[in-house]
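# need a 3D model of the sequence below.
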Amino acid sequence: MSGPKKRSTLRVVAALAILGPGSAMAGESTPAPSATADDAGQIAFNTHCRNCHSVKQDDHRLGPSLHGIFGAKAGQAKGYANYSGGLTPDITWDEATLDKFIADPKALASNTTMTPYPGLPDASQRKLIIDYLKAPAQKKDS
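All right, here's what the predicted structure looks like:
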(Lines give C-alpha, C1' and ligand atoms only; values in the text may rest on other atoms or scores of the structure.)
Protein backbone atom coordinates (compact mmCIF):
# COMPACT_ATOMS: atom_id res chain seq x y z
CA MET A 1 0.00 0.00 0.00
CA SER A 2 1.39 3.38 -0.98
CA GLY A 3 0.36 6.92 -1.83
CA PRO A 4 -2.96 8.51 -0.78
CA LYS A 5 -4.56 5.25 0.37
CA LYS A 6 -1.68 4.57 2.81
CA ARG A 7 -1.87 8.13 4.21
CA SER A 8 -5.64 7.78 4.65
CA THR A 9 -5.21 4.51 6.52
CA LEU A 10 -2.55 6.06 8.72
CA ARG A 11 -4.89 8.97 9.55
CA VAL A 12 -7.62 6.54 10.61
CA VAL A 13 -5.17 4.58 12.78
CA ALA A 14 -3.87 7.82 14.32
CA ALA A 15 -7.43 9.05 14.97
CA LEU A 16 -8.32 5.78 16.67
CA ALA A 17 -5.24 6.04 18.84
CA ILE A 18 -6.21 9.57 19.89
CA LEU A 19 -9.96 9.06 20.23
CA GLY A 20 -9.98 5.55 21.59
CA PRO A 21 -11.61 2.36 20.33
CA GLY A 22 -15.22 3.33 21.19
CA SER A 23 -15.20 6.58 19.22
CA ALA A 24 -17.25 7.07 16.08
CA MET A 25 -15.32 7.69 12.90
CA ALA A 26 -16.38 9.58 9.82
CA GLY A 27 -19.24 7.81 8.14
CA GLU A 28 -20.37 6.09 11.33
CA SER A 29 -23.39 7.28 13.24
CA THR A 30 -22.97 8.66 16.72
CA PRO A 31 -25.76 7.83 19.13
CA ALA A 32 -27.84 10.86 20.07
CA PRO A 33 -27.58 11.94 23.68
CA SER A 34 -30.44 10.55 25.71
CA ALA A 35 -33.25 12.94 26.55
CA THR A 36 -33.53 14.05 30.14
CA ALA A 37 -36.79 14.00 32.06
CA ASP A 38 -37.01 17.79 31.57
CA ASP A 39 -36.60 17.32 27.81
CA ALA A 40 -39.29 14.64 27.73
CA GLY A 41 -41.62 16.86 29.74
CA GLN A 42 -41.02 19.81 27.46
CA ILE A 43 -41.66 17.63 24.42
CA ALA A 44 -44.92 16.36 25.93
CA PHE A 45 -45.94 19.92 26.86
CA ASN A 46 -45.09 21.21 23.38
CA THR A 47 -46.97 18.36 21.75
CA HIS A 48 -50.17 18.61 23.79
CA CYS A 49 -50.35 22.10 25.35
CA ARG A 50 -48.21 24.66 23.58
CA ASN A 51 -50.73 25.55 20.88
CA CYS A 52 -52.78 27.36 23.52
CA HIS A 53 -50.46 27.79 26.54
CA SER A 54 -47.00 29.05 27.36
CA VAL A 55 -44.84 28.55 30.44
CA LYS A 56 -43.35 32.03 30.18
CA GLN A 57 -44.60 34.40 32.83
CA ASP A 58 -47.48 36.62 31.60
CA ASP A 59 -47.26 35.10 28.07
CA HIS A 60 -50.96 34.45 27.66
CA ARG A 61 -52.17 32.90 24.45
CA LEU A 62 -55.56 31.40 23.74
CA GLY A 63 -55.20 29.99 27.25
CA PRO A 64 -53.39 31.48 30.22
CA SER A 65 -49.68 31.15 30.85
CA LEU A 66 -48.94 28.08 32.94
CA HIS A 67 -45.88 29.69 34.52
CA GLY A 68 -45.92 28.83 38.23
CA ILE A 69 -49.20 26.93 37.88
CA PHE A 70 -48.23 24.11 40.23
CA GLY A 71 -49.66 24.88 43.67
CA ALA A 72 -51.55 27.95 42.41
CA LYS A 73 -55.27 28.58 42.71
CA ALA A 74 -57.32 28.13 39.54
CA GLY A 75 -58.44 31.15 37.56
CA GLN A 76 -55.88 33.55 39.04
CA ALA A 77 -53.21 34.23 36.38
CA LYS A 78 -52.55 37.96 36.33
CA GLY A 79 -53.68 39.55 33.09
CA TYR A 80 -55.83 36.67 31.88
CA ALA A 81 -59.61 36.74 32.18
CA ASN A 82 -61.08 34.23 29.71
CA TYR A 83 -61.20 31.24 32.06
CA SER A 84 -63.45 28.25 31.71
CA GLY A 85 -66.50 28.41 33.91
CA GLY A 86 -66.04 26.28 37.00
CA LEU A 87 -62.35 27.09 37.44
CA THR A 88 -62.60 28.88 40.75
CA PRO A 89 -60.02 29.75 43.41
CA ASP A 90 -61.18 26.83 45.56
CA ILE A 91 -59.33 24.58 43.06
CA THR A 92 -55.59 24.22 43.65
CA TRP A 93 -53.41 22.94 40.82
CA ASP A 94 -51.71 19.98 42.47
CA GLU A 95 -50.71 16.69 40.84
CA ALA A 96 -54.11 15.05 41.23
CA THR A 97 -56.07 18.06 39.98
CA LEU A 98 -53.75 18.70 37.03
CA ASP A 99 -53.87 15.01 36.11
CA LYS A 100 -57.66 14.99 36.20
CA PHE A 101 -57.93 18.20 34.17
CA ILE A 102 -55.37 17.20 31.54
CA ALA A 103 -57.03 13.79 31.20
CA ASP A 104 -60.52 15.25 30.80
CA PRO A 105 -61.05 18.99 31.27
CA LYS A 106 -64.83 18.54 31.36
CA ALA A 107 -64.52 16.28 34.42
CA LEU A 108 -63.29 19.28 36.41
CA ALA A 109 -65.04 22.12 34.58
CA SER A 110 -68.08 20.92 32.66
CA ASN A 111 -68.38 24.19 30.74
CA THR A 112 -64.70 24.41 29.86
CA THR A 113 -63.54 26.57 26.98
CA MET A 114 -60.72 24.11 26.30
CA THR A 115 -62.25 22.91 23.07
CA PRO A 116 -61.57 21.13 20.82
CA TYR A 117 -58.99 19.65 23.26
CA PRO A 118 -60.46 16.23 24.09
CA GLY A 119 -58.16 15.37 26.99
CA LEU A 120 -55.06 13.25 27.12
CA PRO A 121 -55.71 9.59 27.95
CA ASP A 122 -52.01 8.61 28.19
CA ALA A 123 -51.12 8.71 31.91
CA SER A 124 -47.38 8.68 31.21
CA GLN A 125 -47.66 11.76 28.99
CA ARG A 126 -49.77 13.53 31.62
CA LYS A 127 -47.12 12.74 34.25
CA LEU A 128 -44.36 14.17 32.04
CA ILE A 129 -46.36 17.37 31.56
CA ILE A 130 -47.13 17.71 35.27
CA ASP A 131 -43.49 17.13 36.23
CA TYR A 132 -42.47 19.72 33.65
CA LEU A 133 -44.93 22.24 35.06
CA LYS A 134 -43.53 21.58 38.55
CA ALA A 135 -39.94 22.27 37.43
CA PRO A 136 -38.31 25.61 38.30
CA ALA A 137 -39.61 28.36 36.04
CA GLN A 138 -36.16 29.59 35.00
CA LYS A 139 -35.62 26.38 33.00
CA LYS A 140 -38.62 27.03 30.79
CA ASP A 141 -38.50 28.71 27.43
CA SER A 142 -41.56 27.38 25.60
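# what is the neighbour count of Ala107?
Residues near Ala107, counting by other Cβ atoms under 10 Å, number 11. From N, CA and C alone the C-beta is placed, and that goes for glycine too.
# tell me which residues touch it, please.
Residues in contact with Ala107 (Cβ atoms under 8 Å, 6 or more residues apart in numbering) are Lys100, Phe101.
# let's see 10 Å
Each residue near Ala107 by Cβ atoms under 10 Å, 6 or more residues apart in numbering is listed here: Lys100, Phe101, Gly119.
# which of these sits closest to Leu87?
Of all the contacts of Ala107, the one with the least separation from Leu87 (Cβ to Cβ) is Phe101, at 8.7 Å.
# distance of that closest one from Gly86?
10 Å (Cβ to Cβ, to the nearest Å).
# picking up where we left off before, considering the contacts of Ala107, which possesses the most neighbours?
Going by other Cβ under 10 Å, Phe101 tops the contacts of Ala107 with 23 neighbours.
# please name the nearest non-neighbouring residue to that residue.
Leu108 (4.7 Å; Cβ to Cβ, 6 or more residues apart in numbering).
# my guess is that neighbour contacts Thr92, does it?
No: in this structure Leu108 lies outside contact range of Thr92 using Cβ atoms under 10 Å: 11.8 Å.
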